[in-house]
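*Asks:* 3D, please:
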Amino acid sequence: MKRKLFFMFALVAAIAAQAQDKNDTTIINNANKVTIVTNDSLQKIKVIGTEGNSAYRYENTIQLRDSNYVRRQYESGKGRENWDFDLAVGWSAPTSVPDYMSFAPFKSWEWILGFRYKYRPKNALQTYSVGLWCNWRRYTLSSDYMFMKGVKISGDQSSASNEVSVGSFPKDACGKRSRINIFSLSVPLLFTQRFGQKSKWRFTVGPVVNFNVRGRINTEYTLGDNDYDINTKGIEYRPVTVDFMGFVTYKELSIYCKYSPMSVLKTDMGPQFHSLTFGIFI
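*Replies:* The predicted structure follows:
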């Protein structure tokens, strides 16, 4: 009996110490049913019902290997709420490109990193979500052209201008690459439709509002024994653009498509083009 009491006190002390180390504490009084499922890497805690609220639901999944928080879900009588971490990478194909320029195939990309709050009404197949993403986009010209700011080309003449233009690399240059980089804080407003309560397939669609906060031109080339890496700041990009996004999801893996109908650069301040992006979303 003494040995059993010793182990019980040791277990209580360990739990108390762990609770002190983690400042995220949830107290549920008079739970009707508590289920804890643990495997090698994850621990899932599920609470169903409390005194006076049989519809109460609480779920928490914890990654045990490095103690990182994975996902928290809360379900009441009205529906389920949870937060998701988003990561995506895609290939962009510029469209509606002017005749005097072309983009390098498979060298225009975008990266997305952020989170979303998701709400699904009780017993519904629809989910509504809003989030905040960091979005990096890169549009790379073919090796025959380079972006330039402050130079306006008209025939064989050039003059100072704030306009972004497209010109040729220096003669005999090699290792040529020129691109526009845009960084945005994006707000997705998405609607998700499941194909059944137990279905692993779902479809998501909605607009993404981009608040473009940084844009620059990066040009690289080698001429003789010299390597050039030129960064041009202060280009005239649009401060706000809107994209339309959709993706099909199986379990937790998605294939997405996003169309950008608004040009990155302001009208009359550089070449106007749109983009169509395909990628993987997790």
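*Asks:* CA only for contacts and neighbour counts going forward, please
*Replies:* OK.
*Asks:* in this structure, which ranges drop under the pLDDT threshold?
*Replies:* 1-25, 39-42, 63-79, 151-161 (pLDDT under 70).
*Asks:* need the longest strand for it.
*Replies:* Using DSSP state E, we find that the single longest strand of the chain is strand 201-223.
*Asks:* show me what that one is packed against.
*Replies:* strand 146-154, strand 174-194, strand 226-233, strand 240-250 (3 or more C-alpha pairs under 8 Å, 6 or more residues apart in numbering; DSSP states H and E).
*Asks:* give me the buried positions along that strand.
*Replies:* Residues of strand 201-223 classed as buried: 201-212, 214-222 (neighbour count, 16 or more other C-alpha atoms under 10 Å).
*Asks:* just to revisit the earlier point, using TSV, lay out the helices and strands packed on strand 201-223 together with distance to residue 131 and mean neighbour count.
*Replies:* Formatted as TSV, the helices and strands packed on strand 201-223 follow (distance: least, C-alpha to C-alpha, whole Å; neighbours: other C-alpha atoms under 10 Å):
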stretch	distance to residue 131	mean neighbour count
strand 146-154	33	18
strand 174-194	6	20
strand 226-233	29	12
strand 240-250	14	18
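*Asks:* sorry, back to before: and the longest strand of the chain, which strands flank it?
*Replies:* strand 174-194 (antiparallel), strand 226-233 (antiparallel), strand 240-250 (antiparallel) (DSSP bridges).
*Asks:* any chance of a markdown table for those strands, columns distance to residue 133?
*Replies:* Listed next are the strands paired with strand 201-223 as a markdown table, based on distance: least, C-alpha to C-alpha, whole Å:
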| stretch | distance to residue 133 |
| --- | --- |
| strand 174-194 | 5 |
| strand 226-233 | 23 |
| strand 240-250 | 13 |
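*Asks:* for residue 143, find the nearest of the ones you listed.
*Replies:* Residue 143 sits nearest to strand 174-194 of all the strands paired with strand 201-223, at 5.5 Å, using C-alpha to C-alpha.
*Asks:* put the alpha carbons of the closest one into CSV.
*Replies:* Extracted in CSV, the C-alpha atoms of strand 174-194 (Å, rounded to 0.1, in the frame of the first residue of the first chain):
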residue,chain,number,x,y,z
CYS,A,174,25.8,35.1,-68.9
GLY,A,175,24.1,33.5,-65.8
LYS,A,176,21.3,36.0,-66.5
ARG,A,177,18.2,36.2,-64.2
SER,A,178,15.8,39.1,-63.5
ARG,A,179,12.6,39.0,-61.4
ILE,A,180,10.1,41.0,-59.5
ASN,A,181,9.6,39.9,-55.8
ILE,A,182,6.5,40.8,-53.9
PHE,A,183,5.8,40.2,-50.2
SER,A,184,2.2,40.4,-48.9
LEU,A,185,0.2,40.0,-45.8
SER,A,186,-2.9,38.1,-47.1
VAL,A,187,-6.3,37.6,-45.6
PRO,A,188,-8.1,34.5,-47.0
LEU,A,189,-11.9,34.4,-46.7
LEU,A,190,-12.7,30.8,-47.6
PHE,A,191,-15.8,28.5,-47.8
THR,A,192,-15.3,24.7,-47.5
GLN,A,193,-17.8,22.0,-48.6
ARG,A,194,-17.5,18.4,-47.5
